[in-house]
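Enquirer: What would the 3D arrangement of this be:
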Amino acid sequence: MSDTALIETARDFNRFYTNFLGLLNKAYLDSPFTLTDARILFEIGSHDGVSATALVRDLHLDPAYLSRILKRFRAEGLIETSPDPADLRSQVIIVTDRGREQFEELGRRANAQIAARFDNLAAGEPEAAVRAMGTIRALLDPAAKPAPAVIRAHRAGDIGWIVQSQGRFYAEEYGWDLRFEALVAEVAGKFLANFDPALEYCWIAERGGVNVGSVLVTNGGDGIAKLRLLYVDKSARGLGLGKLLVDECIRFSRHKGYRELSLWTNDMLETARAIYVKAGFRLVSEERHRMFGPEANGQNWVLTL
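Expert: Here you go, the predicted structure:
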């Protein structure tokens with residue numbers, strides 16, 4: 001795509017998103033405020049006290065324009081001001097109880113607006129939209145910091161995500177056919193249907209509210225735990241999540257009294273294999289196969305606990 005086409009596409013998206021959020025409407029979110037009014041009230045309400053100088057700097061506002069808005073806010077009983085001890089030419093601004101009510105109401109309306117838009121999307125599409133937003137911000141905002149990853153237990157919908165994400169990833173990256181997705185669905189389905197919380201667990205890695213990784217421990221019988229379906233999304237590579245998920249499996253398996261933790265993988269998955277080696281797993285057998293289309297080398301690894 002040429003530079004001109006890139007710029008036009010970006011401008012077209014800006015026009016779409018401005019209309020999508022109703023930012024050009026005279027009454028923002030059907031409130032008595034303009035978008036600028038709401039943005040200023042949000043900044044004030046989000047802080048215990050903020051200076052007019054900081055508002056000018058952070059919101060890139062003309063000082064005289066901001067002064068007129070603050071004067072109107074004071075007249076409407078939304079804010080209180082006092083001299084800024086750090087800069088006597090400026091003021092420290094806080095919201096009043098009435099201002100707090102308006103601030104919170106705007107937040108509720110903004111949340112409801114986005115929720116209504118997401119309700120019209122198919123399963124997984126809101127998460128895809130949020131991931132795209134995160135990508136845009138990470139690329140264009142130098143100050144943006146990636147959301148930290150958290151590890152949590154699975155909940156409703158997560159097992160379906162495991163099947164979908166791994167089926168798509170291995171098809172795109174390795175050309176594996178639908179038989180692999182069927183295998184993932186079988187393993188995941190049995191985990192849900194026969195889930196024993198005393199001996200089994202599923203960990204989900206989440207970043208900014210979006211699932212980016214997963215792994216299961218299932219009961220293989222005879223004191224053997226099985227590490228299944230380790231996965232880290234491409235967007236979260238390099239964060240050490242794979243090692244963290246494997247470490248959780250090892251810790252859990254030892255705590256539950258298993259004598260051995262086993263897993264099956266394929267040798268082209270070099271990053272995962274490196275994690276297993278560093279964790280102390282040993283290769284016990286391997287075999288060439290075409291279970292999912294292209295020829296691969298399946299491997300069985302075990303860790304004595």
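
Enquirer: Show me what the helix or strand bottoming out on mean pLDDT in the chain is packed against.
Expert: For the chain, counting by mean pLDDT, DSSP states H and E, strand 87-95 ranks last in confidence among helices and strands (a mean of 80). Applying 3 or more CB pairs under 8 Å, 6 or more residues apart in numbering; DSSP states H and E, one finds that strand 87-95 contacts helix 35-45, strand 50-51, helix 52-59, strand 79-84. For glycine as for every other residue, the C-beta is placed from the backbone atoms N, C-alpha and C.

Enquirer: got TSV for these, with mean neighbour count and distance to Gly240 too?
Expert: Output for the helices and strands packed on strand 87-95, formatted as TSV (neighbours: other CB atoms under 10 Å; distance: least, CB to CB, whole Å):
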stretch	mean neighbour count	distance to Gly240
helix 35-45	19	35
strand 50-51	20	37
helix 52-59	16	33
strand 79-84	16	43
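
Enquirer: would you turn these into JSON lines with mean pLDDT?
Expert: Listed next are the helices and strands packed on strand 87-95 as JSON lines, based on pLDDT from 0 to 100:
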{"stretch": "helix 35-45", "mean pLDDT": "89"}
{"stretch": "strand 50-51", "mean pLDDT": "88"}
{"stretch": "helix 52-59", "mean pLDDT": "87"}
{"stretch": "strand 79-84", "mean pLDDT": "84"}
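
Enquirer: right, so of the ones you listed, which gets closest to Leu106?
Expert: Closest to Leu106 of the helices and strands packed on strand 87-95 is helix 35-45 (CB to CB; 5.4 Å).

Enquirer: from the chain's centre, how far out does the helix ranked longest in the chain sit?
Expert: The single longest helix within the chain, with elements called by DSSP state H, is helix 97-119. Chain-centre distance of helix 97-119: 22 Å, with CA atoms, centre = their mean, to the nearest Å.

Enquirer: just to revisit the earlier point, indicate which one of the helices and strands packed on strand 87-95 is closest to Gln113.
Expert: Using CB to CB, the nearest of the helices and strands packed on strand 87-95 to Gln113 is helix 35-45, at 12.1 Å.

Enquirer: The closest one versus strand 87-95: what angle between them?
Expert: Helix 35-45 and strand 87-95 are oriented at 90 degrees to each other (axes from the mean of the first three to the mean of the last three CA atoms, to 10 degrees).

Enquirer: just checking, what packs against helix 35-45?
Expert: helix 52-59, helix 63-75, strand 87-95, helix 97-119.

Enquirer: Could you export those as a markdown table, including distance to Ala132?
Expert: Formatted as a markdown table, those follow (distance: least, CB to CB, whole Å):
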| stretch | distance to Ala132 |
| --- | --- |
| helix 52-59 | 25 |
| helix 63-75 | 33 |
| strand 87-95 | 33 |
| helix 97-119 | 13 |
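
Enquirer: Of those, which is nearest Met1?
Expert: For those, the distance to Met1 is smallest for helix 97-119, at 27.5 Å, taking CB to CB.

Enquirer: quick check: mean pLDDT across that closest one?
Expert: The predicted model assigns helix 97-119 a mean pLDDT of 90.

Enquirer: The stretch 151-300 of the chain: strands as residue ranges?
Expert: Ranges of strands in the stretch 151-300 of the chain, per DSSP state E, counting those that start in this stretch, are 201-207, 210-219, 224-232, 260-266, 282-289, 296-304.

Enquirer: Kindly reformat those strands as CSV containing distance to Ala27.
Expert: Listed next are these as CSV, based on distance: least, CB to CB, whole Å:
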stretch, distance to Ala27
strand 201-207, 36
strand 210-219, 33
strand 224-232, 45
strand 260-266, 58
strand 282-289, 64
strand 296-304, 60
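
Enquirer: one step back: quick one: closest of the helices and strands packed on strand 87-95 to Arg228.
Expert: Judging those by CB to CB, what sits closest to Arg228 is helix 35-45, at 45.1 Å.

Enquirer: Same list as before, the strands of the stretch 151-300 of the chain that is, but in TSV and with mean neighbour count included.
Expert: Listed next are the strands of the stretch 151-300 of the chain as TSV, based on neighbours: other CB atoms under 10 Å:
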stretch	mean neighbour count
strand 201-207	21
strand 210-219	22
strand 224-232	23
strand 260-266	19
strand 282-289	11
strand 296-304	17
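
Enquirer: export these to TSV and tack on mean pLDDT?
Expert: Converted to TSV, the strands of the stretch 151-300 of the chain look like this (pLDDT from 0 to 100):
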stretch	mean pLDDT
strand 201-207	94
strand 210-219	95
strand 224-232	97
strand 260-266	96
strand 282-289	96
strand 296-304	96
